[in-house]
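[1] The following block contains a protein sequence and its predicted model.
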Amino acid sequence: MSAVYNAYTFDLSIRQMLIYPNIDPVALSLGPIKVHWYGIMYLVGFAGAWFLSSLRCKKPYSPITKAQVSDMIFYAALGVILGGRIGYMLFYDFSNFIHAPWIIFKVWDGGMAFHGGLIGVILAISLFCRKYKCNVFDILDFIAPMVPIGLGAGRLGNFINGELWGRVTDSSIGIVFPNGGPLPRYPSQLLEFALEGVVLFLILWFISRKQRPRLFVSANFLLWYGLFRFIAEFFRQPDPQMGYMLFNWMTMGQLLSTPMIVVGLIILLYITTQKTQDKVKDNNAAVS
């Protein structure tokens, strides 16, 4: 009887589920040339980062000038694309990459990893700082609030493509994706858009409104992105070639996000400790 009831309620939830808009992943076709929404989302992310960087560089404590903004975005874009692709091959498709290394160039087949892109951006910004003789930590703090723009745009691109969908659900927010089988799934791309895009942007933008200790903004990015990604992974279907990993419930995304949380907490703890020690020294100096 309970099985019949469960089947009935699940069938009812399917009838109440959200409807996938089924947007064509190709935004524009010009003969043999096809412009995909996912590619447009990358452009939106880079353009948004450039626009906000142009505004932020006007602050008196900005580590770069407006003339350097375009170059910085160029370096960061290279880091995102190269690092994201290489990271995907190493973290999510290593076995195929070992047997056929040339598949790394088949970008039209998809496959980008945020954590690889993060490493790529850090390396690219290091080269930028070497060129302009500026502090890499200051630049990372500067660009951190702009990263969620690209993350949010990318998640919308995932949703339009009908990829990286969530786990099967019987809730009313479930969606049947074109390539996700017949059962409704969490729209995990939209959850990540909200957390990694909107909420993370608001947090970092609020924090960076005034001058902060070095690495304070970057540490908050590591901490909050790591937490949001860790949470979102509970609703997202693991990559089929990876499945569940540590403890038979953690995904690769959670494994890669855990060090971000730890490092972010350590840096914030160090900064807080240093500020406390500085205040004690100032008080002692005033008394003496």
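    Sure, I can see it. Residues are numbered from 1 along each chain as shown.

[2] Show me the residue sitting in the middle of this structure in space.
    Leu151 (4.4 Å; Cα atoms, centre = their mean).

[3] Quickly find the element holding that residue.
    Secondary structure assignment for Leu151, by DSSP states H and E: helix 147-161.

[4] other SSEs contacting that helix?
    The contact analysis (3 or more Cβ pairs under 8 Å, 6 or more residues apart in numbering; DSSP states H and E) places helix 147-161 against helix 37-56, helix 188-192, helix 200-207. All C-beta atoms are positioned from the backbone trio N, CA, C, and that covers glycine.

[5] which one of those is the most hemmed in?
    Neighbour counts (mean count of other Cβ atoms under 10 Å) averaged over each of the helices and strands packed on helix 147-161 peak at helix 188-192, with a mean of 23.

[6] what sits up against that one?
    Outside of helix 188-192, the residues within contact range by Cβ atoms under 8 Å, 6 or more residues apart in numbering are 151, 155-156, 158-159, 163-167, 228-229, 232, 235-237.

[7] following the least confident helix or strand in the chain by mean pLDDT, which helix or strand shows up next?
    Within the chain, no helix or strand scores below helix 2-15, which has a mean of 50 by mean pLDDT, DSSP states H and E. Sequence order places strand 26-30 as the next helix or strand after helix 2-15, per DSSP H and E.

[8] Strand partners (parallel or antiparallel) of that next one?
    Strand 26-30 has the following strand partners under DSSP bridges: strand 33-36 (antiparallel).

[9] avg pLDDT for the partner strand?
    Regarding strand 33-36, the rounded mean pLDDT is 89.

[10] Okay, buried residues for that strand please.
    Within strand 33-36, the residues that qualify as buried are His36, counting by 16 or more other Cβ atoms under 10 Å.

[11] follow-up on the earlier one: show me the one of the helices and strands packed on helix 147-161 that comes nearest Gln274.
    Comparison of the helices and strands packed on helix 147-161 against Gln274 by Cβ to Cβ identifies helix 200-207 as nearest, at 17.4 Å.

[12] so how far is the closest one off the chain centroid?
    Computed by Cα atoms, centre = their mean, to the nearest Å, the chain-centroid distance of helix 200-207 equals 14 Å.

[13] who touches it?
    By Cβ under 8 Å, 6+ apart, helix 200-207 touches 144-145, 147-149, 151-152, 216-217, 220-221, 224-225, 228.

[14] Can you select the buried ones among those residues for me in ChimeraX?
    Buried residues among the contacts of helix 200-207 (16+ other Cβ under 10 Å), as a ChimeraX selection:
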select :144,145,147,148,149,151,152,216,217,220,221,224,225,228
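
[15] on that earlier part again, so the helix holding Leu151 versus strand 26-30, what angle?
    If you take axes from the mean of the first three to the mean of the last three Cα atoms, to 10 degrees, helix 147-161 sits at 80 degrees to strand 26-30.

[16] For helix 147-161, give me every contacting residue.
    Contacts of helix 147-161 (Cβ under 8 Å, 6+ apart): 23, 25, 36-38, 40-42, 44-46, 48-49, 52, 80, 110, 112, 114, 121, 164, 187, 189-190, 192-193, 196-198, 200-201, 204, 221, 225.

[17] same thing but 6 Å
    With Cβ atoms under 6 Å, 6 or more residues apart in numbering as the test, helix 147-161 has contacts from 23, 25, 37-38, 41, 44-45, 48-49, 164, 189-190, 192-193, 196-197, 200-201.

[18] Report the angle between that helix and helix 37-56.
    Interaxial angle of helix 147-161 relative to helix 37-56 (the same axes, to 10 degrees): 160 degrees.

[19] Give me the distance between Ala194 and Phe235.
    In this structure, Ala194 and Phe235 are 11 Å apart, going by Cβ to Cβ, to the nearest Å.

[20] Repeat that for Leu164.
    Leu164 sits 11 Å away from Phe235 when distances are taken as Cβ to Cβ.

[21] do the same with Phe105
    From Phe105 over to Phe235 (counting by Cβ to Cβ), the distance is 32 Å.
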